[in-house]
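> How does the following fold in three dimensions:
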Amino acid sequence: MTKKINAAKVYTNGQVKNNQEITVSEGKIVAIKAAENDAIFDYANLAPGLFDTHINGGERLYFTQNPNEECIRDIVESSQKCGTGYVLPALITSSAENIFKGIEAIKSYMARYPDSGLAGMHLEGPFLNVKKRGAHLEKYIQKPANDFIEEIIRHGKDVIRIITIAPENFTDEQVKILLDSGINVSAGHSNATLKEAQHGFDLGIKLVTHLYNAMSAFTHREPGLIGASLSAQDVYAPIILDGVHCDFEAARIAYKCKKDKLFLISDALFVNKKVQSFKWEEFDAYLGDNQYRNTDGNLAGATISLADGVVNAVRELGVSISEAIEMATLRPAQALKMDHLMGKVEAGYPAQFTVFNDDLSEFKYIN
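Now for the predicted structure:
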């Protein structure tokens, strides 16, 4: 079945195209051109589906606690309500059994629902630095071992799009094993010195996990992972733009330093703030003052949607709507080497879109 969509503005590839007609067939864009002069526009603003590379739960369920297809569906459908078309559910530091269960659930869901917007998963741990574990459970944090790394790769190389590690705990060989598998390695929950972080980047790590959070701090004598991330021109840095995980002024500094390598994530613990309190083993979280925190007072995931991050990028960073959209679509796709699959409104790309009104008060996902 072929259909046509008319949009007053189409945001794609860092550009804004006015008055466009998009032809869609069998879930793909087959053509995009100027609309007829008398066209009635279906949408004021249309963009590629937003891509959240770091989300922990849906409106009801938390993936690490429930590494199954029901939870994945909750995350996918809850995200779509907020305008996000693609997701990577994050499975945090937990047992090997839990990790492999999550991998198999992702595999199964992607096979059954290839057009759902589930783009894989983000394995956040278990090879982290205990000193920067944040809300992760210490009992499950492991020192990297070749056999376990290789087992994770065997099970998950086709679906794990990101693995977060503390690079200072890895040998060069172990980092190379991960990179050679095709999995994107991200430095995070790390206490790396500047030199340790730069060495990891030199080995081929080109991504960090939630800039500023769970990283060795920047000081004038030891800039740490934050300093290394800000100064490395070829390293992508996702940021939780909620004013809680980092001050907006710190985000402005990051934008000046990272430019087109800065992109947006939600890191939402749950979507739409419907879960008020939560407990999984010793991990707990309580919603108060628009924040999820655990009993130790640590942040335990965000409350924003990716669309909220887009709005904050416009209002707090002062970027154009076009660039804010790019920060939540094309840039994360580029960071994960998936920009041939998503992130543009062009012929050959999926017909999965985010539409929004002029004042950015409402975002919807359509396909």
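> Isn't residue 68 up against residue 105?
Yes - between residue 68 and residue 105 there is a contact under Cβ atoms under 8 Å: 5.1 Å. C-beta coordinates here come from the backbone N, C-alpha and C atoms, glycine included.
> Can you pick out the residue with more neighbours from the two?
residue 105 (22 against 17; other Cβ atoms under 10 Å).
> Help me confirm that residue 340 is found in a helix?
No - secondary structure of residue 340, determined by DSSP: H, G, I helix; E, B strand; the rest coil: coil, with no helix assignment.
> Pull the number of nearby residues for it.
Neighbour count for residue 340, taken as other Cβ under 10 Å: 11.
> contacting residues around it?
With contacts taken as Cβ atoms under 8 Å, 6 or more residues apart in numbering, residue 340 has no neighbouring residues.
> Show me this structure divided up by domain.
Structural domains annotated on the chain: 1-48+343-367, 50-342, as defined by automatic domain parsing.
> next one: phi and psi at residue 97?
The main-chain torsion angles of residue 97 are listed as degrees, to the nearest 10 and equal phi -60, psi -40.
> repeat for residue 167
Note on residue 167: backbone dihedrals following degrees, to the nearest 10 are phi -60, psi -20.
> what's the answer for the one 5 residues further on, then?
The phi and psi values for residue 172, taken as degrees, to the nearest 10, are phi -60, psi -40.
> wait, it sits on residue 205?
No - under the contact definition of Cβ under 8 Å, residue 172 does not touch residue 205, with a separation of 11.3 Å.
> Looking at these two, which one has more neighbours?
Comparing residue 172 with residue 205 by neighbour count (other Cβ under 10 Å), the higher total belongs to residue 205, at 22 against 12.
> Looking at stretch 156-169 now, give me its mean pLDDT.
Averaged across stretch 156-169, the pLDDT comes to 97.
> er, stretch 110-117 actually
On average, stretch 110-117 scores 96.
> same deal with stretch 281-298?
Here the mean pLDDT over stretch 281-298 is 90, rounded to a whole number.
> quick check, distance from that stretch to the centre of its chain.
With Cα atoms, centre = their mean, to the nearest Å as the basis, the distance from the averaged C-alpha position of stretch 281-298 to the chain average is 21 Å.
> so what's the residue nearest to residue 136 when sequence neighbours are not counted up against?
In space, residue 136 comes closest to residue 93 once its chain neighbours are excluded; the distance is 4.2 Å by Cβ to Cβ, 6 or more residues apart in numbering. Listed by Cβ under 8 Å, 6+ apart, the contact set of residue 93 reads 124-126, 128, 133, 136-137, 140-141.
> Which of these sits closest to residue 243?
Proximity of the contacts of residue 93 to residue 243 (Cβ to Cβ) peaks at residue 124, which lies at 22.3 Å.
> Out of the domains of the chain, which is the most enclosed?
A comparison of the domains of the chain by mean neighbour count, using mean count of other Cβ atoms under 10 Å, puts domain 50-342 on top with a mean of 20.
> Show me the strands in the stretch 201-350 of the chain, by range?
For the stretch 201-350 of the chain, the strands defined by DSSP state E, counting those that start in this stretch cover 237-240, 262-265, 277-280, 283-288, 291-293.
> Same list (those strands) but as a markdown table, adding distance to residue 355.
Compiled in a markdown table, those are given as follows (distance: least, Cβ to Cβ, whole Å):
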| stretch | distance to residue 355 |
| --- | --- |
| strand 237-240 | 24 |
| strand 262-265 | 18 |
| strand 277-280 | 31 |
| strand 283-288 | 29 |
| strand 291-293 | 29 |
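> I'd like the distance between the most centrally placed residue in the chain and residue 38.
Of all residues in the chain, the one closest to the mean position by Cα atoms, centre = their mean is residue 53, 1.9 Å from it. Here the criterion is Cβ to Cβ, to the nearest Å. By it, residue 53 lies 41 Å from residue 38.
> Repeat that for residue 314.
In this structure, residue 314 lies at 32 Å from residue 38, with Cβ to Cβ as the measure.
> same check, this time on residue 232
Relative to residue 38, residue 232 is positioned 51 Å away (Cβ to Cβ).
> ok, now residue 260?
As defined by Cβ to Cβ, residue 260 lies at a distance of 38 Å from residue 38.
> Then residue 172?
Distance from residue 172 to residue 38, by Cβ to Cβ: 63 Å.
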